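Enquirer: Okay, sequence plus prediction incoming.
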Amino acid sequence: MKKALAQQLDSINEYEREPVPSSKLKGLKSFIGMYAGEHIAGTEFVIGPLFVIHGVSASDLLLGLLAGNLLAVLSWALLCAPIAVKARLTLYYQLEKICGRYLVSGYNIVNALMFCFLAGSMIAVSATAVGIPFDIAMPGLDDWYPNSVRWIVTVLFVGMVITAVAILGYEQISKFANVCAPWMVLIFIAAAFAVMPDLGITSIGSFWEVAQTKIWTGVPVEGYSKFTFWHVTFFAWFANAAMHIGMGDLSILRYAKKWYHGFASVTGMFIGHVLAWVSSGILCAAAGGEIPPGPIAYSSAGIAGAMCVMIAGWTTANPTIYRAGLAVQSIVPQVKRWKVTLLVGLVTTIAAFFPALVMRLLDFVALYGLLLMPMGAIIFIDFYVIPKLNLKSNYASVTNSSFNVAAGVTWVATLLFCLFLNFYQGIEIFFLGLPGWFVAAALYIILSKLYQRKVVDQPAVAVSASGLKKVEY
């Protein structure tokens, strides 16, 4: 029985080191459901309340969410998706061809750890809902350590379910998200409407007044910094920076038939983020403070609300663990992806034991995107600009190099530049992704020119904006 199961799992081909064949490409509907499912997440029950705590005003919140999420959609559709459908490679194999095995292995370790912590926060959020019928005492969102054995057991159960779906591959993840996403949207809306009378909202006309005076008042909770329109805009834009300008979703969008399927991210951004963050902020205000996401939803929408939190965590953690598995598997390609994903799921579940991971979610996702952003700029420049400068694209692959010095120095130098701006200029982490991307792009062009001069020219196959073609040097 175990042998038969292992053989079935071994037979799942996710094309980790080759382009996705045309027979496996998916239409727009698949990505609409996947992005909606991934971004209508259990963590939205955390992010929405954090905006309330940081004292965002109602007008700053709504305008910032509209602007930031529009920029995020454009980043997916215009930067990430075109490269994904032309190369049809995972992020990790694409980087290996550019940067070399040694450099990309270090990157993949960082990437996988970030994915694990992100998915871990989602598992923790789901566990707050799963534990409700068993009357499990929930840890507070500011607690650092698990508060009971029953909490640990609940997290283990949720982690096992999520890991099992991730092991099955992208097709099953997409199906799961397509089934769950429409229902979760309705629950988010219903829960928010259910608590509005408790806040004094009895009509459309009274909503804006209550929003300004009782929900997003513009006054932060003591001990928390004040957020403005710009904080909301840049957080909404770069909350998923690792996925779009960091090119993480090359691994997902390589299955898309057309580049404009990247616009499917609009369901995740404007339903999963705008609607869900607003709804969860309303629920937080009605609940009177910091309450774990499961009980918040349960108090407003009953069992359906608790189930929404549970499943929302699953639909987000599933593709996140899948990506983490691909990252680690690229380091040890001889090991089957399902085995690596199983190990990644275990690490992720252990991370979910610690509820403090959830409370620091705003800072974590900003840091996560910042760490991976320079490699996204490197991929973009290598794909579109480097061939036009008569330099070698996919440098490590065509020169059989294990370490592209230009890429390595670009990554480290960009992060040091961002660190300088943060520590010595006082620029908050939310704002560093944009200047960092342009610094990384410029550095990679300059360093590639200097570095590739030292290499004897040779014929090479380079990936360019028009596809694979023979380039003579």
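Expert: That came through, no problem. These numbers come from a predicted model, not from an experiment.
Enquirer: Next, the contact list for the closest residue to Met307 other than its chain neighbours, please.
Expert: Nearest non-adjacent residue to Met307, counting by CB to CB, 6 or more residues apart in numbering: Ala129, 7.0 Å away. (C-beta placed from N, C-alpha, C; glycine too.) When contacts are counted by CB atoms under 8 Å, 6 or more residues apart in numbering, Ala129 touches 42, 293-294, 297-298, 306-310, 313.
Enquirer: By pLDDT, give me the weakest of those.
Expert: Across the set of the contacts of Ala129, Gly42 stands lowest in pLDDT, at 62.
Enquirer: okay, now Gly408: neighbour count?
Expert: A count of neighbours around Gly408, defined by other CB atoms under 10 Å, yields 19.
Enquirer: doesn't Val104 make contact with it?
Expert: No. Counting by CB atoms under 8 Å, Gly408 stays clear of Val104, with 10.0 Å between them.
Enquirer: Would you mind listing the buried residues in the helix or strand Trp208 falls within?
Expert: In the assignment (DSSP states H and E), Trp208 maps to helix 204-210. Using 16 or more other CB atoms under 10 Å as the burial criterion, the residues of helix 204-210 that qualify are 207, 210.
Enquirer: Not counting that helix itself, show me its contacts.
Expert: The contact list for helix 204-210 (CB under 8 Å, 6+ apart) reads 58, 196, 199-201.
Enquirer: Tell me where the stretch 101-250 of the chain is predicted with low confidence.
Expert: Counting by pLDDT under 70, the stretch 101-250 of the chain contains low-confidence residues at 138-143, 169-182.
Enquirer: Okay, strands next: where are they in it?
Expert: Counting by DSSP state E, counting those that start in this stretch, one finds no strands in the stretch 101-250 of the chain.
Enquirer: What's the separation between the residue nearest to Met307 and Asn147?
Expert: Remark: distance between Ala129 and Asn147 (CB to CB, to the nearest Å) = 17 Å.
Enquirer: again, but for Leu421
Expert: Distance, Leu421 to Asn147, by CB to CB: 38 Å.
Enquirer: before we move on, the earlier item: and the contacts of Ala129 as JSON lines, adding distance to Ala442 and secondary structure?
Expert: Compiled in JSON lines, the contacts of Ala129 are given as follows (distance: CB to CB, whole Å; DSSP: H, G, I helix; E, B strand; the rest coil):
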{"residue": "Gly42", "distance to Ala442": "39", "secondary structure": "coil"}
{"residue": "Pro293", "distance to Ala442": "42", "secondary structure": "helix"}
{"residue": "Gly294", "distance to Ala442": "46", "secondary structure": "helix"}
{"residue": "Ala297", "distance to Ala442": "46", "secondary structure": "helix"}
{"residue": "Tyr298", "distance to Ala442": "51", "secondary structure": "helix"}
{"residue": "Ala306", "distance to Ala442": "49", "secondary structure": "helix"}
{"residue": "Met307", "distance to Ala442": "49", "secondary structure": "helix"}
{"residue": "Cys308", "distance to Ala442": "45", "secondary structure": "helix"}
{"residue": "Val309", "distance to Ala442": "43", "secondary structure": "helix"}
{"residue": "Met310", "distance to Ala442": "45", "secondary structure": "helix"}
{"residue": "Gly313", "distance to Ala442": "39", "secondary structure": "helix"}
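Enquirer: Widest-spaced pair of the residues you listed?
Expert: Farthest pair in the contacts of Ala129 (CB to CB) is Tyr298 and Gly313. Separation: 14.3 Å.
Enquirer: Looking at these two, which is more packed in?
Expert: Between Tyr298 and Gly313, counted using other CB under 10 Å, Gly313 has the larger neighbour count: 31 against 23.
Enquirer: Just the CA trace of stretch 398-409, in PDB.
Expert: The C-alpha trace of stretch 398-409 is given here as PDB (Å, rounded to 0.1, in the frame of the first residue of the first chain):
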ATOM      1  CA  VAL A 398      25.600  29.300 -21.400                       C
ATOM      2  CA  THR A 399      29.000  29.500 -19.700                       C
ATOM      3  CA  ASN A 400      28.600  26.500 -17.500                       C
ATOM      4  CA  SER A 401      29.300  28.700 -14.400                       C
ATOM      5  CA  SER A 402      28.100  27.800 -10.900                       C
ATOM      6  CA  PHE A 403      28.100  31.400  -9.700                       C
ATOM      7  CA  ASN A 404      27.300  34.600 -11.500                       C
ATOM      8  CA  VAL A 405      29.200  37.200  -9.700                       C
ATOM      9  CA  ALA A 406      27.300  40.100 -11.200                       C
ATOM     10  CA  ALA A 407      24.000  38.700  -9.900                       C
ATOM     11  CA  GLY A 408      25.400  37.800  -6.500                       C
ATOM     12  CA  VAL A 409      26.900  41.300  -5.900                       C
END
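Enquirer: and Ser401, what does it touch?
Expert: Shown in contact with Ser401 (CB under 8 Å, 6+ apart): 100, 395.
Enquirer: tell me the SS of it?
Expert: Assigned with DSSP: H, G, I helix; E, B strand; the rest coil, Ser401 falls in the coil class.
Enquirer: Kindly export the helix holding Trp208 (C-alpha atoms) in PDB.
Expert: Extracted C-alpha coordinates of helix 204-210, given in PDB (Å, rounded to 0.1, in the frame of the first residue of the first chain):
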ATOM      1  CA  ILE A 204     -25.700  53.400   3.700                       C
ATOM      2  CA  GLY A 205     -25.700  57.000   4.800                       C
ATOM      3  CA  SER A 206     -24.600  56.200   8.300                       C
ATOM      4  CA  PHE A 207     -21.700  54.000   7.200                       C
ATOM      5  CA  TRP A 208     -19.200  56.700   6.400                       C
ATOM      6  CA  GLU A 209     -19.700  58.600   9.600                       C
ATOM      7  CA  VAL A 210     -19.300  55.400  11.700                       C
END
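Enquirer: Let's check: the centremost residue of the chain is which one?
Expert: The chain has Asn240 as the residue nearest its centroid, 4.7 Å off, counting by CA atoms, centre = their mean.
Enquirer: Pretty sure it sits against Gly369.
Expert: Yes. Asn240 is within contact range of Gly369, at 7.1 Å (criterion: CB under 8 Å).
Enquirer: Drop anything exposed from the contacts of helix 204-210.
Expert: With burial judged by 16+ other CB under 10 Å, the buried subset of the contacts of helix 204-210 is 58, 196, 199, 201.
Enquirer: In a markdown table, list these along with distance to Ile386.
Expert: Below are the buried ones among the contacts of helix 204-210 laid out as a markdown table (distance: CB to CB, whole Å):
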| residue | distance to Ile386 |
| --- | --- |
| Ala58 | 46 |
| Met196 | 54 |
| Leu199 | 55 |
| Ile201 | 55 |
